[in-house]
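> predicted coordinates and the sequence they were generated for:
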Amino acid sequence: MEKHDFSDPLNIKELNLKTPTKIEKMNLRSTIAHTLDIALATDDSAVVFGEDVKFGGVFRCTMGLNEKYGTDRVFNTPLSE
């Protein structure tokens, strides 16, 4: 497995960033929520399902996605163990 040093500055050419001056810092929860929103917006076949995701989930990463994309794409599943 390749080792990565995440303390290095961003390599703008390697990442093909269009506007590197508009970098927004996010915490992990915000990044996950933003990524799920992008996935649902760009791919009509994408769905999010799991325990309490309709209401935002345990960590609130799916907050508002049910209202934005509907119950057909963001829905709760039962806890089955």
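It's in.
> buried stuff in the longest helix along the chain?
Determined from DSSP state H, the single longest helix within the chain is helix 28-42. Judged by neighbour count using 16 or more other Cβ atoms under 10 Å, the buried positions of helix 28-42 are 32-33, 36-37, 40. To be clear about C-beta, it is placed using only N, CA and C from the backbone, and glycine gets the same treatment.
> check stretch 60-69 too.
Result for stretch 60-69 [16+ other Cβ under 10 Å]: buried residues 61-62, 65-66, 69.
> in helices, which of the residues you listed fall?
Among the buried residues of stretch 60-69, the ones falling in helices (DSSP H) are 65-66, 69.
> before we move on, the earlier item: okay, the buried residues of stretch 60-69 in a markdown table with distance to residue 78 and pLDDT next?
What follows is the buried residues of stretch 60-69, written out as a markdown table (distance: Cβ to Cβ, whole Å; pLDDT from 0 to 100):
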| residue | distance to residue 78 | pLDDT |
| --- | --- | --- |
| 61 | 20 | 94 |
| 62 | 17 | 96 |
| 65 | 19 | 96 |
| 66 | 17 | 96 |
| 69 | 21 | 97 |
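> what sits up against the longest helix of the chain?
26, 46, 48, 59-63, 65, 68-69, 73-74 (Cβ atoms under 8 Å, 6 or more residues apart in numbering).
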